[in-house]
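Novice: need the 3D shape of this:
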Amino acid sequence: MFNKTNNTNGTSPATKPTSSAAPQRMASTSAPSILGRDLVITGDIKTDGEIQIDGRLDGNVTAGVVTIGEQGAVNGKIIAKSVHVRGKVSGKVDSNSVELAETANVQADLIQDQLIIANGAFFDGKCARKSAAPSPIKAAKKTA
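Specialist: Now for the predicted structure:
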């Protein structure tokens, strides 16, 4: 990691990493926003990034990725590319991918393309696909 070289001509060693690569990598990925267990928010939250809710949100959330922790609860509409639920959700979920963990308690209507429900999860609501089925199901021909 650290190199000691006796370079007397004032030039930097060839193995020295360039500093321009690291800031670009860090700028493209950011840490998720986390709402702690003791936090109660009344209102809407909007972000393009990732959010983890361990407290309670009485309102709507729009984000890239939403994670509801085991102690978390959302009463409202969730719009995201991906939603992972381990806690409680009441309202509506509109997402490309919805995953309900075994500790999930969801009383909401789901609109999604991909749905994963773990054994033990509680789900009470309607679910519908965002996109049409890849090919229609054909009826079997009857032979008499």
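Novice: tell me the helix or strand right after the helix or strand bottoming out on mean pLDDT in the chain.
Specialist: Lowest on mean pLDDT, DSSP states H and E among the helices and strands of the chain sits helix 21-28, with a mean of 38. Once the chain leaves helix 21-28, the next helix or strand it forms, by DSSP states H and E, is strand 33-35.
Novice: show me what counts as buried in that next one.
Specialist: Neighbour-count burial for strand 33-35, counted by 16 or more other C-beta atoms under 10 Å, picks out residue 35. For the C-beta atoms, the positions are set from N, CA and C on the backbone; glycine is no exception.
Novice: list the strands paired with the next helix or strand after it, with their directions.
Specialist: Using DSSP H and E, the helix or strand that follows strand 33-35 in sequence is strand 40-42. Strand 40-42 has the following sheet partners, assigned by DSSP bridges: strand 56-58 (parallel).
Novice: quick one: the partner strand to chain centroid distance?
Specialist: Taking C-alpha atoms, centre = their mean, to the nearest Å, one finds strand 56-58 lying 17 Å from the centre of the chain it belongs to.
Novice: contacting residues around the spatially closest residue to residue 61 that is not a sequence neighbour?
Specialist: Setting aside the residues directly before and after it, residue 61 is nearest to residue 45 in space (C-beta to C-beta, 6 or more residues apart in numbering), at 4.6 Å. By C-beta atoms under 8 Å, 6 or more residues apart in numbering, residue 45 lies in contact with 51, 57, 59-63.
Novice: filter the residues you listed down to the ones in strands?
Specialist: In strands, judged by DSSP state E, the following of the contacts of residue 45 are found: 51, 57, 61-63.
Novice: where do the strands of this structure begin and end?
Specialist: 33-35, 40-42, 45-46, 50-53, 56-58, 61-68, 73-85, 88-100, 105-112, 114-117, 122-123, 127-129.
Novice: pipe the ones you listed into TSV and attach distance to residue 139 and mean pLDDT per row.
Specialist: Output for the strands of the chain, formatted as TSV (distance: least, C-beta to C-beta, whole Å; pLDDT from 0 to 100):
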stretch	distance to residue 139	mean pLDDT
strand 33-35	50	91
strand 40-42	50	94
strand 45-46	46	96
strand 50-53	44	96
strand 56-58	46	96
strand 61-68	40	96
strand 73-85	35	96
strand 88-100	30	96
strand 105-112	27	96
strand 114-117	26	94
strand 122-123	30	96
strand 127-129	21	92
